[in-house]
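Asker: Below are the sequence and a predicted model; questions follow.
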Amino acid sequence: MDTRHLVDSPLAAAPAAAADPLGIAVPATLGTRRDFCVAACQALSLGAIAATLQACGGGSDNPNEPSGGFGNVPALPSIPATVANGTATVNVAGTALATNGGTAIVTSSLGTMLVVRNDAATVSAFTATCTHQQCTVTGFTEGVFQCPCHGSRYNTGGMVVRGPATQNLRRFNATITNDVISITA
Ligand code: FES
């Protein structure tokens with residue numbers, strides 16, 4: 001009996017393994033239903049991980065979640081103020097605001113504020129709430145305030161000097177007399 005047709009037949013060749021685009025070795029022949037399910041589950045798992053990593057790599061939209069290393073700048077000193085009749089007062093003797101050019105966060109029930117000692121006789125105060133997605137601005141570097149969430153920067157006049165924020169910080173009324181700063185909303 002002539003058997004050459006069986007030897008030369010493609011059906012007689014051993015199945016070779018191949019790799020799919022995700023790098024998973026896929027048997028040329030998925031012999032059983034179980035083989036198919038295992039391969040499919042592996043592909044789905046890697047796909048889910050890849051999608052998750054891609055989503056994480058683009059930065060966070062959560063306003064309270066710092067991302068991108070923008071929090072790695074010196075933090076402003078924090079000074080508590082007392083509030084009476086809608087005015088927050090803080091004695092700056094011995095604090096970062098005692099010297100000209102000093103900057104600090106002043107906290108009170110009126111809110112968290114960025115305060116700048118402009119000179120001996122004047123101060124400026126702004127909300128510390130970033131106008132981008134409402135993170136609290138806590139850093140100060142290279143002469144500007146920096147938001148820890150996405151890196152927006154504001155100068156000591158409260159104006160945006162780097163996005164993604166596009167709006168300036170809201171200014172409060174602030175005065176200084178005998179080392180006591182008074183701030184009203
Ligand atoms: S909340 Fe996005 S930069 Fe401040």
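Answerer: Alright, I've got the coordinates.
Asker: Next one: stretch 71-86, is it in contact with the ligand?
Answerer: No: using Cβ under 6 Å from any ligand atom, stretch 71-86 stays clear of the ligand, with a minimum separation of 10.8 Å. C-beta here means a position set from N, CA and C on the backbone, and glycine is covered the same way.
Asker: now N168: how far from V144?
Answerer: From N168 over to V144 the distance is 13 Å, taken as Cβ to Cβ, to the nearest Å.
Asker: neighbour count winner among the two?
Answerer: Taking other Cβ atoms under 10 Å, N168 and V144 do not tie; V144 has more neighbours (18 against 15).
Asker: looking at the sheet around the more buried one, what are its partners?
Answerer: Beta-bridge partners for V144, by DSSP bridges, are T141.
Asker: wait, what's in contact with it?
Answerer: R153, Y154, N155, T156, V161, R162 (Cβ atoms under 8 Å, 6 or more residues apart in numbering).
Asker: Quick check: phi and psi on the first one?
Answerer: Backbone geometry at R153, expressed as degrees, to the nearest 10, gives phi -120, psi 140.
Asker: can you list residues touching both of N168 and V144?
Answerer: Y154.
Asker: Nearest to P74 among the contacts of V144?
Answerer: Nearest to P74, judged by Cβ to Cβ, of those is R153 at 13.6 Å.
Asker: Please name the spatially closest residue to that closest one (chain neighbours excluded).
Answerer: Spatially, and ignoring its direct neighbours in sequence, R153 is nearest to R162 (4.0 Å; Cβ to Cβ, 6 or more residues apart in numbering).
Asker: any idea how far the ligand is from the one you found?
Answerer: 9 Å (Cβ to the nearest ligand atom, to the nearest Å).
Asker: what do you get for S108?
Answerer: S108 is 21 Å from the ligand, by Cβ to the nearest ligand atom.
Asker: And for N100?
Answerer: 28 Å.
Asker: from memory that residue sits against A120, does it?
Answerer: Yes: applying Cβ atoms under 8 Å, one finds N100 in contact with A120, separated by 6.5 Å.
Asker: Up against the ligand, what does the protein have?
Answerer: Within reach of the ligand by Cβ under 6 Å from any ligand atom, the chain has these residues: P63, C130, H132, Q133, C135, C147, C149, H150, G151, S152, P164, A165.
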